[in-house]
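Undergrad: Any chance you could fold what I've pasted below:
(2 chains, ligands or ions: 4)
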Protein chains: 2
Amino acid sequence: MSKKVLIVGGVAGGASAAARLRRLDEDAQIVMFERDSYISFANCGLPYYIGDHIKDRSKLLVQTPEAMYKRFNIDVRIESEVIAVNPDNKTVTVRSKAKGEYEESYDALILSPGAKPIRPNLPGIQSTRIHTLRNIPDTDRIKARVTEENVKSAVVIGGGFIGVEMAENLRDIGLDVTLIEGGPQILAPFDSEMSSVLAKELEDHGVRLLFSQMVQSFEELNGEIETRMASGLSVKSEMVILAIGVSPDTSFLKDSGMEFGPRGHILVNEYMETNLKDIYAVGDAVEVTDFVNGTKTAIPLAGPANKQGRIAADNVSGLRTPFKGSQGTSIIKVFGLTGAATGNNEKTLQRLGLPYHVTYVHPNSHAAYYPGATPLTIKLLFNDEGTVLGAQAVGFDGVDKRIDDIATTIRFKGTVSDLTELELAYAPPYSSAKDPVNMAGYTAENVLSGRTSVFVPKDLETRDPAATILVDVRSEIEHANGHIPDSLLIPVDDLRSRLGELDREKEIWVYCQVGLRGYTASRILQQKGYKVKNLTGGYKTYVMANY
Amino acid sequence: MSKKVLIVGGVAGGASAAARLRRLDEDAQIVMFERDSYISFANCGLPYYIGDHIKDRSKLLVQTPEAMYKRFNIDVRIESEVIAVNPDNKTVTVRSKAKGEYEESYDALILSPGAKPIRPNLPGIQSTRIHTLRNIPDTDRIKARVTEENVKSAVVIGGGFIGVEMAENLRDIGLDVTLIEGGPQILAPFDSEMSSVLAKELEDHGVRLLFSQMVQSFEELNGEIETRMASGLSVKSEMVILAIGVSPDTSFLKDSGMEFGPRGHILVNEYMETNLKDIYAVGDAVEVTDFVNGTKTAIPLAGPANKQGRIAADNVSGLRTPFKGSQGTSIIKVFGLTGAATGNNEKTLQRLGLPYHVTYVHPNSHAAYYPGATPLTIKLLFNDEGTVLGAQAVGFDGVDKRIDDIATTIRFKGTVSDLTELELAYAPPYSSAKDPVNMAGYTAENVLSGRTSVFVPKDLETRDPAATILVDVRSEIEHANGHIPDSLLIPVDDLRSRLGELDREKEIWVYCQVGLRGYTASRILQQKGYKVKNLTGGYKTYVMANY
Ligand SMILES: Cc1cc2nc3c(=O)[nH]c(=O)nc-3n(C[C@H](O)[C@H](O)[C@H](O)COP(=O)(O)OP(=O)(O)OC[C@H]3O[C@@H](n4cnc5c(N)ncnc54)[C@H](O)[C@@H]3O)c2cc1C
Ligand SMILES: Cc1cc2nc3c(=O)[nH]c(=O)nc-3n(C[C@H](O)[C@H](O)[C@H](O)COP(=O)(O)OP(=O)(O)OC[C@H]3O[C@@H](n4cnc5c(N)ncnc54)[C@H](O)[C@@H]3O)c2cc1C
Ligand SMILES: CC(C)(COP(=O)(O)OP(=O)(O)OC[C@H]1O[C@@H](n2cnc3c(N)ncnc32)[C@H](O)[C@@H]1OP(=O)(O)O)[C@@H](O)C(=O)NCCC(=O)NCCS
Ligand SMILES: CC(C)(COP(=O)(O)OP(=O)(O)OC[C@H]1O[C@@H](n2cnc3c(N)ncnc32)[C@H](O)[C@@H]1OP(=O)(O)O)[C@@H](O)C(=O)NCCC(=O)NCCS
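TA: Numbers count the residues shown, from 1 in each chain, chains lettered A, B, ... in the order given. Ligands and ions are numbered 1, 2, ... in the order given. Modelled structure (predicted):
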């Protein structure tokens, strides 16, 4: 007898599961329930449609119920909300717009209900001028505001990926945009010095940024809405986009006996099985294992959701495919810049008390002599054994490629030495003979081998001027253009002949512009018997950290 | 006492070794000999300078002898050719323009003499209208011809990387260009169907291509040179670029007792040590181990040369760093297209009798709904265990990234299942939720697991029409626009209802445009008891293979 599989949620995880399941099992009866009117839409494209980069709304609809039926023989039921799961009799309760409430039985059930925007219970929150963005109806509403109603100003609350994408896209269509962030930085996957580059790009494009501001209430005032913060600050705008994060959309499971994590995520094992027999869950609604540190986390991203959907289908069909955890690889376009990250950041490692080292490199996207080369910054985190723990990169070009290379290396539990050995594609338009990723590996290996010691900008706060000398090894002109206070200038090329000026009893802290000349200087000094440290990433990182 | 290290060759491998050695050993005496007047130049940039993409000649000079001295305290001796190596008394014989002939002793010797363009002894080869391209003087000569002498036409002989880059660059500055290739395809790292896409791009940009033509002689005729081929064909032009490959520049070693490979390459072990004590060799002049198949090969590319130079320096300093072999990752821009490859291609695997499977995918560079998405083609080669053996990709955008991801996977001896699990950076401007590399992995896994069987275009030549049915599962309009002869049209969405039309006794060969619908169709048919194969890569691959 053919198996009957129900799927809750018809977008990333759900539709992926349905399609894969049909390919694996031509005879299964597959029913996919979707609360809204649309399935398989491009969630990730919504901000770009609002920002008019995607002109054609129909492009957002990757699949339709009809096409899913025709291609995959899937019984797609839209406007059908699953309001309860009854594991004892293996049924779900459905509330359908067309058919009312009914029960449907299953042999296997795949849950991919996703996550919903958090809407805190603040005074004024019910204003129709306040929008969240998750699906097509949300998008249509916002799009109507900016086109038909010709809204000219917006406040975006929350500096996560969706908040920043919305700030950019609203700015792109000419709105006056203020972004309010509760914490001290935007884009949590990045550490603050990396995120500051992206913040600056927002500001350079006219987005007003407010940090460490807690929104307390809203009030509508003559066609505008005032967003009021705990600090006393307030901003008026015609529209508010609320993007302070998402929470798993799992309230329909509350009486099912399902086990949840601390923040309401469905708990699953590596086969995406929940604690309830024959019930699988995937996507934004589940807790996953952090691939790097092994703790539990939530990664509400489309790559994991689609992959998990496919894996759940495999396991419903008896293939036993594991999902080995998520490393949180993510990327964002911020106007001309790209920021990307993979693995753990410094904040996470510190929170978990995991020891790590850090290096920064600022290489060119491709050979400097070939037109169009632009600098990018890579921050690499690794442990004493050399295992790569995480990386973040920011730049104009080639950022995605380098983070993907490092993400791949992390997937193989690779080390910084592995990074040095990667044989990546080189011709002048694409890279350098030693790719930026190789470079990041070299600098890390040099730290681990003790060939060089490094310090980071924060260490300057506790530097003891009596016991250390801070030396700028750049050129005179670079020094004149800006330097770290209290530093002595000795250009690296003069260092060998000016060693006498340096007190052997003191520790020498050298720095240059990006870290390379400082490293060279550190090698000279170290071999001449000095205790020496080099500012990893150089003055450029110092400026990023002090933005 | 400090060590005295001599280096022969002052460019990619040699200069990299010198710089690294100084960083490792501040006290070593380092002498670098360079036959020409320039060190550390950007070999790889030379064609782009000729093509006026790099405007400023000085940009090609990455380092100068003076700067190398100042920064690294290296004794750089230009116009100094090492004409003999005398391992018994540990000296080299130098012929210096300034100082005449002299001997110099060494504790360690690093050889990075590179490879020189092959110049076959053909009638007329001594013409000054025939150029090869290796260094700055070559470049200056060619540049003078196209600027001062205003040459209007060129024949490029050889469709390797340098030949193709020269054809493109000469075309870019308006020359009439004919490229003559001795073999049936250009760009040997690619298999013919992949290379054909790049060939077409050359032709689309007005480069005339002649395949399987052996040049036999040259003759100067009234300000032109006629290139004559064995076939009787001849082409007149004002200039000839000869780029039929390189051979190791090692004749100065002939009496040294050095061991060479079959094509004259220096033999080294994984520490870049030659058979002669304290003599190391790196770069284009050495034979390396193929990282994938373990045989000996030569990879005359800058990435390996620079890395090996660094490794030789490590080992001179006693660090024992191994070079684990080269996988031949390479990339080329051909006008708007990019072609890249890593690992072994099909030709190599066939030559070595290594069993393999192949899949093709033609995904978009990034989410189709976000502007600017363009298709790319990935060809993936893997064995029965799923180990990735090689990949090639061609497209307008994102080709370098995907080949680098696969190159990284190969470095870790990863499998196609690893490719499916890679968590790569996704937002609409950069990729899709399932990255092209994931997709390549999925299709490969489906083949290995027996979920689908595939055929390749070549198999059509031996298809038995009596025992098989060829089915086009695309739409009517696609079929009408071109299809494989003798194919029956049944759109995939109609397949379930039209199964009766297919004879169960015959093997069904399905195909679609890129392979995806064909795969879906193959799953339906296979589960309904048919023997079925899908054309991997679909009609698009068929067209590539029949170009
Ligand atoms: C604006 C925006 C931009 C994004 N950009 C990116 C990006 O660039 N990169 C990236 O990786 N990720 C991005 N994401 C995240 C990505 O879209 C999600 O991670 C992914 O869609 C999660 O898949 P899912 O299947 O878990 O949930 P969803 O795709 O949200 O699908 C869940 C569906 O289930 C339905 N549903 C919920 N409960 C029920 C019920 N009880 N009964 C029936 N139906 C129900 C919902 O209506 C919804 O349609 C973005 C998300 C948004 C909103
Ligand atoms: C036009 C062109 C384009 C290229 N494009 C790319 C590309 O896009 N990507 C890529 O990866 N690779 C490319 N390469 C290849 C790359 O440049 C080489 O692989 C690399 O330079 C090899 O380094 P090497 O140190 O072995 O030799 P070289 O860099 O050639 O250096 C050898 C030096 O040794 C000197 N020398 C030789 N014999 C003696 C002697 N007896 N005494 C003193 N000096 C001596 C030579 O004069 C020469 O300067 C290109 C090469 C050329 C010519
Ligand atoms: C489109 C959607 C329904 C998934 O459908 P899908 O058929 O599983 O996914 P794709 O179209 O990406 O195709 C993947 C399948 O095609 C196969 N495939 C891809 N290219 C192929 C080729 N050239 N030849 C053979 N097979 C190919 C893959 O192997 C895979 O099949 P498998 O899972 O059985 O191994 C679902 O992803 C979806 O709804 N997406 C939109 C929503 C969304 O993802 N939102 C978040 C991102 S914006
Ligand atoms: C330039 C040249 C002399 C090499 O010099 P190099 O100093 O070894 O190479 P790079 O400038 O790339 O720097 C690499 C070093 O800087 C270090 N480095 C790079 N960025 C750093 C940073 N931000 N902080 C600290 N160290 C850094 C690396 O660790 C590495 O040092 P190591 O080898 O001791 O580990 C040599 O590559 C050359 O001659 N190139 C031109 C010719 C050529 O390569 N042709 C073929 C390609 S066109």
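
Undergrad: Can you tell me which helices and strands the helix or strand hosting residue A:142 packs against?
TA: Element membership of residue A:142, judged by DSSP states H and E, is helix A:136-147. Packing partners of helix A:136-147 (3 or more Cβ pairs under 8 Å, 6 or more residues apart in numbering or on different chains; DSSP states H and E): helix A:46-50, strand A:130-131, strand A:239-242. All C-beta atoms are positioned from the backbone trio N, CA, C, and that covers glycine.

Undergrad: ok, now how distant is residue A:104 from residue B:310?
TA: Separation of residue A:104 from residue B:310 (Cβ to Cβ, to the nearest Å): 64 Å.

Undergrad: For ligand 1, find the nearest of the helices and strands packed on helix A:136-147.
TA: Nearest of those to ligand 1, taken as Cβ to the nearest ligand atom: helix A:46-50 at 4.4 Å.

Undergrad: Tell me if the helix or strand following the closest one is near ligand 1.
TA: Next helix or strand after helix A:46-50 toward the C-terminus (DSSP H and E): helix A:65-72. No - counting by Cβ under 6 Å from any ligand atom, ligand 1 has no neighbours in helix A:65-72; the shortest distance is 12.6 Å.

Undergrad: Give me the distance from the next helix-or-strand element following helix A:65-72 to the chain's centre.
TA: Going down the chain from helix A:65-72, the next helix or strand is strand A:75-77, by DSSP H and E. Here the centre of strand A:75-77 is set off from its chain's centre by 33 Å, with Cα atoms, centre = their mean, to the nearest Å.

Undergrad: could you say what helices and strands strand A:75-77 packs with?
TA: For strand A:75-77, the packing partners by 3+ Cβ pairs under 8 Å, 6+ apart come out as strand A:29-33, helix A:65-72.

Undergrad: That one and ligand 3, are they touching?
TA: No - counting by Cβ under 6 Å from any ligand atom, ligand 3 is not contacted by strand A:75-77; separation bottoms out at 10.6 Å.

Undergrad: How about stretch A:280-288?
TA: No - using Cβ under 6 Å from any ligand atom, stretch A:280-288 stays clear of ligand 3, coming no nearer than 9.5 Å.

Undergrad: Span of that stretch from start to end?
TA: By Cα to Cα, to the nearest Å, the extent of stretch A:280-288 from end to end equals 13 Å.

Undergrad: Is it in proximity to chain B?
TA: No - Stretch A:280-288 stays clear of chain B (Cβ under 8 Å from any Cβ of the partner chain), getting no nearer than 10.8 Å.

Undergrad: Does that stretch reach ligand 1?
TA: Yes - Stretch A:280-288 lies within reach of ligand 1 by Cβ under 6 Å from any ligand atom, at A:283, A:284, A:285.

Undergrad: circling back: next, format the helices and strands packed on helix A:136-147 as TSV and append mean pLDDT and mean neighbour count.
TA: Below are those laid out as TSV (pLDDT from 0 to 100; neighbours: other Cβ atoms under 10 Å in any protein chain shown):
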stretch	mean pLDDT	mean neighbour count
helix A:46-50	98	26
strand A:130-131	98	20
strand A:239-242	98	25
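
Undergrad: Just send the ones you listed back as CSV, with distance to ligand 2 too.
TA: CSV is the format used below for the helices and strands packed on helix A:136-147 (distance: least, Cβ to the nearest ligand atom, whole Å):
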stretch, distance to ligand 2
helix A:46-50, 35
strand A:130-131, 50
strand A:239-242, 46
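
Undergrad: Close to ligand 1: what parts of chain A are there?
TA: A:8-14, A:33-36, A:43-44, A:46-47, A:81-82, A:112-114, A:133-135, A:162, A:249, A:252, A:283-285, A:300-303, A:305.

Undergrad: Strands - which of these land there?
TA: A:8, A:33, A:81, A:82 (DSSP state E).

Undergrad: which two of the residues you listed lie the greatest distance from each other?
TA: Farthest pair in those (Cβ to Cβ) is A:8 and A:81. Separation: 8.9 Å.

Undergrad: Between those two, which has more neighbouring residues?
TA: Shown here are residue A:8 and residue A:81; by other Cβ atoms under 10 Å in any protein chain shown, residue A:8 has more neighbours (29 against 18).

Undergrad: give me the beta-bridge partners of that one?
TA: residue A:33, residue A:111 (DSSP bridges).

Undergrad: Need the residues of stretch A:280-288 next to ligand 1 in a markdown table (columns: neighbour count and pLDDT).
TA: Output for the residues of stretch A:280-288 next to ligand 1, formatted as a markdown table (neighbours: other Cβ atoms under 10 Å in any protein chain shown; pLDDT from 0 to 100):
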| residue | neighbour count | pLDDT |
| --- | --- | --- |
| A:283 | 34 | 98 |
| A:284 | 28 | 98 |
| A:285 | 29 | 98 |
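
Undergrad: As JSON lines, those residues with distance to residue B:489 would be great.
TA: Shown next, in JSON lines, are the residues of stretch A:280-288 next to ligand 1 (distance: Cβ to Cβ, whole Å):
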{"residue": "A:283", "distance to residue B:489": "38"}
{"residue": "A:284", "distance to residue B:489": "41"}
{"residue": "A:285", "distance to residue B:489": "42"}
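
Undergrad: So which of those residues is the closest to residue B:433?
TA: residue A:283 (11.0 Å).

Undergrad: just checking, the closest one touches residue A:301?
TA: No - the pair residue A:283 / residue A:301 is not scored as a contact, 9.4 Å apart, by Cβ atoms under 8 Å.

Undergrad: Wondering if the strand or helix carrying residue A:392 reaches chain B at all.
TA: Following DSSP H and E, one finds residue A:392 within strand A:388-395. No - shown here: strand A:388-395 not in contact with chain B (Cβ under 8 Å from any Cβ), separated by at least 9.5 Å.

Undergrad: One more: stretch A:47-67?
TA: Yes - judged by Cβ under 8 Å from any Cβ, stretch A:47-67 comes into contact with chain B at A:48, A:53, A:54, A:59, A:60, A:62.

Undergrad: The residue lying closest to the fourth one once chain neighbours are set aside - how many residues pack around it?
TA: With Cβ to Cβ, 6 or more residues apart in numbering or on different chains as the measure, residue B:369 is the residue that lies nearest to residue A:59, at 4.0 Å, once sequence neighbours are left out. Using other Cβ under 10 Å, residue B:369 has 23 other residues around it.
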